[in-house]
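> Could you look at this predicted model? Sequence included:
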Amino acid sequence: MQVIIPGDRQRLAARLVVYAPNGNRQGVLPAHLGWEAALPLNDVSSLRLAYSASATGAELLDEPCEIAMEYSVDGEPWLEPASGRFLRVKRSGDGTDRTGARSYDCPGWAWQLRKIVLYPDLSLVDGKRPFTATTPGNILATLISEGKNRGTLPGLTYNFTATHDSAGQAWGTTMSLGLEPGVDLLALLINLSEQGQIDWCMQDRELMVYREGTLLATNRASGAAPMELRLGRDIDSAPDDATLEDAASAILVVGEDGLRVEVTNPAAAMPWGRWETYQSQGGVSDTGTAQLLGQNALERASRERVQLTRSITPYVARWLPLADYASGDYVRAPGDQGAMQPLRIRQITLACDVSGLISGNLTLNDRFLERDIRLARQAAGILNGGISSGGSGSDPAPEGGDRQPAAPTGLLVSPAAYLDEEGYAHGQITVSWTSVTADTNGTALSVDGYELIGIAPPTTGATRVLARTTGTTVTYSPLEPKSRWQFGVIAVAGSARSLPAVSAEIVIPDDETPPPEPSTPVADSRLGIFRVAWDGLTAGGTGMPLDFARVLVIMRDPLDSDDEGQAVEWLERAGTAVVPGQPYNTDRELWLVAIDRSGNISGESARVTAQTQPLVDTDVIGAIIDGAEHIIEGSIPADAKITAGTITGGLIQALAIQAGHISANAITADKIEAGAITAGHIAAAAITADKIEAGAITAEKISADAINGKTITGSIVRSSATGRRFVLDSSTLDLRFYPGGTSTNFARLYAVDGLYPGETTTFITSGTNAGATARAELQVAAGLVRLGIRNAANSNRRGGGLDIAEGYAMFGYSIASASTETYIYTNSSGRFYLRGRVWDTNTADPYDAVHAGSGTVAPDFTGVTIHYGPSMASNMGPVAVVRDGAANPNFYWCEDLSNQTDFSIGWSAGGGVWSGKAFYWWSHRH
């Protein structure tokens, strides 16, 4: 396992390299004015570049070319990432701009794939080219090979086949499509990826296509060493854009033939009560399909929609974009409201400013949005055409005397699971095929429609008609989950029927979506048993879904490492479960898991720990008083049976009298001999907070050194309830200091586990300023001490900051903002660099270290004097250069060009031998 502490800094560098179209490398672009590259998953990448026409390397951009982004980590060889090749096809500029600045909008190399289109051939059916029961690789390879045979995109290569993807994996599924002539390769790639069939990208000029959810969906969020992008280290800002505008808890689906189906979602967020929506679904007359489409739509509308954008900090990060993770990967990162969770990277955007500083951001999807994408794909697969009607369940009609249609081809069966209105799972199928246009002899024939047949059990079971349709797609439900079927399609022309096209065996899926995690239970002990209460909600505070069955109460001994917990009780709704028979004064850890009607199990709720408490002391039970029959209630009144002074302390067994045996106020201070009750007479935990009258224990009642060396337990310790005070919260390792009065602008000393692997990190933060915009913070970790001003509402830096780490040190202002940052950085290499700008100063202070500036003079001036202002405290060593702005410079030695990227020095050809000479300069940004 690789462990990188903050001192072991990985440095990410990036550059742009020019290639001839379909050709060789031309050179590097060293003097850009800034660029930004976006690398999305399953889409065309893009590059925006600014460059001066007079800068070094500008001539490489004069003609159409390819621009490759390359990256390097810690001086390792330069690499070109996936989708990192771009086309210089669009430029803009202003002829009056004296700097010659130009901008270039460059699409990724994959943009060219729109230039390969599908041509018609002799196999057209209803104006479409059929691809029957074939793989995505075969369809894509057909378009590419046909286009290349016509001379299109000669530079394009690909490394997948009709049987295997670019990683050598068998495609595993087949599909049937009818493609319109004129569809282009890029549109087909995007469509297939949106339907969940493939993932794809470009590597240089090579098209790479993979099975969906495999190589371009690498899970780096789990395992022994998950890849975690943490705030303050890998990520410096985490804005969330959220909306409830599209939320709904009920939908009315309207289909064909008067079909009306209402679907509700009790787990939807409903802060204002029921919200409704409407969906008109032409082509659907099957109740189960309408139910499935409605549930998918409500699932996508059940919660607040959140867009996650995370700005990355590649100079102090542990994990680097491109080098460690790529678009499509799953990583752990701050999700909605900063909680760490597995997220999928949908796009990486990198930017490089004129100084070479790298910044960027990530667009992330949480597990809910990834599920939404899958549901949208499923709905799109169902709604690709066709109008169906319910079958009669009768045997197929016999053949008539008309011409027999040819059997349908390209049969594709897509099963799915849905829930009925009571939350029970059922199966649904969507079946598609290729149109039949001829009889068995190949003579053209128009068919009247098709019959969907089902065979259960496969090969030997009864055959019945399930549905009839005039299109080439039909849906049917309900089917029993996990049942086995074969499905077939028969073409009908008059009274004649074709032979059936029969599928392979299909297993109807069951619902496999687990319920959400339950909310945290509340556990207490009463009369020697556990009472575990649950509010009936999810961990997110919403209701349980329609198919929720019960929650199990799981219990384990936290001191037994082999005890993984077992179910001890269950609840079908909000309420309280009773768990008896547990040993006294022994910790038990309890939590909940939810189960749905299909047996899917949720993740665990948060865990709680509790103890059962005895009604009387354990030494008394079964020994001194053995059951109520030994003493009849009321038979020994105190005034008749007990003589004053007859029961002394020596006659009472230790711990025999518990607080519950003494009536309220029976023992007053005058009845207790001074010094008679010492600590040894009080059982552990016998005096709890509810036994002590409020205010009864005051400071004068606690002798000096009474708590010396002892342990004070409890969640919160505070010096006062109001006013000037400190509050210590042991549950959060948090010590707060409040000022006087009613102010809550407290300072904090607290600790955080897990910010760095295996460490506890200490923080000290001040209260906020008067405007509540900033607070000071000191962070102390094993390999990093960080002092700075931060935003009052989050951890973003706001002002000056100091980092002292094991391998580097950095001091400056607003370090997290590239546009305003100014800092000095040094590390173990023995070198340092400055970031920021030098102040143009008209008047210096006598003790200023640098006086810098610029100015112009009139054409007839022969010189200029720079005035410091005051007399400086010690000698000054000016280093100055003159820039000749004339069209034909006439100085023997002068600076003749200066802009934001470079400057140049010119000299006359004569004047001695120049061979072997060198020149040096010191320059600043101002």
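Noted; the coordinates are in hand. Residues are numbered from 1 along each chain as shown.
> got any ranges where the stretch 251-400 of the chain has weak pLDDT?
281-285, 300-307, 336-337, 366-400 (pLDDT under 70).
> Which stretches in it count as helices?
For the stretch 251-400 of the chain, the helices defined by DSSP state H, counting those that start in this stretch occupy 287-300, 367-382.
> Repeat that for the stretch 1-150 of the chain.
136-149.
> Mind listing what's buried along stretch 516-535?
For stretch 516-535, a neighbour-count test (16 or more other C-beta atoms under 10 Å) marks 516-521, 523, 525, 530-532, 534 as buried. All C-beta atoms are positioned from the backbone trio N, CA, C, and that covers glycine.
> Can you say which two of those are spatially most distant?
Taking every pair in those and measuring C-beta to C-beta, the maximum separation is 28.6 Å, between 516 and 525.
> mind checking which helix or strand of the chain has the lowest mean pLDDT?
For the chain, using mean pLDDT, DSSP states H and E, the weakest element among its helices and strands is strand 388-390, scoring a mean of 34.
> Following that strand in sequence, what is the next regular element?
strand 409-419 (DSSP states H and E).
> Check which element follows that next one along the chain.
Counting by DSSP H and E, the next helix or strand C-terminal to strand 409-419 is strand 425-434.
> Can you list the strands that that following strand pairs with?
strand 409-419 (antiparallel), strand 473-479 (antiparallel) (DSSP bridges).
> Mind exporting the C-alpha coordinates of the next helix-or-strand element following that strand to CSV?
Where DSSP H and E defines the elements, the next helix or strand beyond strand 425-434 is strand 449-456. Coordinates of each C-alpha in strand 449-456 appear next as CSV, following Å, rounded to 0.1, in the frame of the first residue of the first chain:
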residue,chain,number,x,y,z
GLY,A,449,-49.1,-7.9,-37.3
TYR,A,450,-47.3,-10.1,-34.8
GLU,A,451,-48.1,-12.4,-31.9
LEU,A,452,-45.9,-12.6,-28.8
ILE,A,453,-45.9,-16.2,-27.5
GLY,A,454,-44.6,-17.5,-24.2
ILE,A,455,-43.4,-21.0,-23.3
ALA,A,456,-43.1,-22.0,-19.7
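> The next helix-or-strand element following strand 449-456 pairs with which strands?
Per DSSP H and E, the first helix or strand lying C-terminal to strand 449-456 is strand 462-469. Paired neighbours of strand 462-469 in the sheet (DSSP bridges): strand 388-390 (antiparallel), strand 449-456 (antiparallel).
> Pick the most buried one from those strands.
The highest mean neighbour count among those, using mean count of other C-beta atoms under 10 Å, belongs to strand 449-456: a mean of 22.
> Distance from the chain centre to it, please.
Distance, stretch centre to chain centre, for strand 449-456: 44 Å (C-alpha atoms, centre = their mean, to the nearest Å).
> likewise stretch 270-290?
29 Å.
> Endpoint to endpoint, it covers what distance?
23 Å (C-alpha to C-alpha, to the nearest Å).
> Can you list the low-confidence ranges for the stretch 1-150 of the chain?
For the stretch 1-150 of the chain, the ranges with pLDDT under 70 are 1-10, 95-96, 98-99, 126.
> show me what contacts residue 332?
Applying C-beta atoms under 8 Å, 6 or more residues apart in numbering, we find residue 332 in contact with 221, 226-229, 340-343.
> from these, which single one is nearest residue 562?
residue 226 (25.3 Å).
> quick one, what contacts that closest one?
220, 331-332.
> go on, residue 40?
Contacts of residue 40 by C-beta under 8 Å, 6+ apart are 83, 327, 346-347, 363.
> And residue 575, by the same measure?
If you count contacts by C-beta under 8 Å, 6+ apart, residue 575 has them with 533-534, 536.
> repeat that with 7 Å
Counting by C-beta atoms under 7 Å, 6 or more residues apart in numbering, residue 575 makes contact with residue 534.
> if I look at the most centrally placed residue in the chain, how far off is residue 738?
In the chain, the residue lying closest to the centroid (C-alpha atoms, centre = their mean) is residue 343, at 2.5 Å. Counting by C-beta to C-beta, to the nearest Å, the gap from residue 343 to residue 738 is 37 Å.
> And residue 478, by the same measure?
Per C-beta to C-beta, residue 478 is found 63 Å from residue 738.
> now residue 353
From residue 353 to residue 738 the distance is 44 Å (C-beta to C-beta).
> Repeat that for residue 771.
20 Å.
> which one of the two has more residues nearby?
residue 738 (21 against 7; other C-beta atoms under 10 Å).
> List the beta-bridge partners for the more buried one.
residue 725.
> doesn't residue 725 make contact with it?
Yes - the criterion here is C-beta atoms under 7 Å, and residue 738 meets it with residue 725 at 5.1 Å.
> From the buried residues of stretch 516-535, which shows the smallest pLDDT?
Across the buried residues of stretch 516-535, the bottom pLDDT score, 80, is held by residue 525.
> element containing that one, please.
strand 522-526.
> Each with direction, which strands does that strand pair with?
strand 529-534 (antiparallel).
> Tell me the first helix or strand C-terminal of the partner strand.
strand 548-556.
> Spell out which strands sit alongside that next one in the sheet and which way each one runs.
strand 566-571 (antiparallel), strand 588-596 (antiparallel).
> so how far is the first one off the chain centroid?
Yep, that's strand 566-571 we're talking about. 33 Å.
> Can I get it in PDB, CA atoms only?
What follows is strand 566-571, C-alpha atoms only, in PDB (Å, rounded to 0.1, in the frame of the first residue of the first chain):
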ATOM      1  CA  GLN A 566     -27.200 -11.500  15.100                       C
ATOM      2  CA  ALA A 567     -30.800 -10.600  14.700                       C
ATOM      3  CA  VAL A 568     -32.600 -10.600  18.100                       C
ATOM      4  CA  GLU A 569     -35.900  -8.800  17.200                       C
ATOM      5  CA  TRP A 570     -37.700  -7.100  14.300                       C
ATOM      6  CA  LEU A 571     -40.200  -4.300  13.600                       C
END
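> tell me the mean pLDDT over that strand?
Strand 566-571 comes out at a mean pLDDT of 89.
> ok, then the element right after it?
Assigned by DSSP H and E, the successor of strand 566-571 is strand 575-579.
> orientation of that following strand relative to strand 529-534 in degrees?
Relative orientation of strand 575-579 versus strand 529-534 (axes from the mean of the first three to the mean of the last three C-alpha atoms, to 10 degrees): 150 degrees.
> Can you point out the buried residues in strand 575-579?
Buried, per 16+ other C-beta under 10 Å, within strand 575-579: 577, 579.
> Next, count neighbours for the closest residue to residue 766 other than its chain neighbours.
The shortest distance from residue 766 to any non-neighbouring residue, by C-beta to C-beta, 6 or more residues apart in numbering, is to residue 776 (4.3 Å). Residues within reach of residue 776, counting by other C-beta under 10 Å, total 17.
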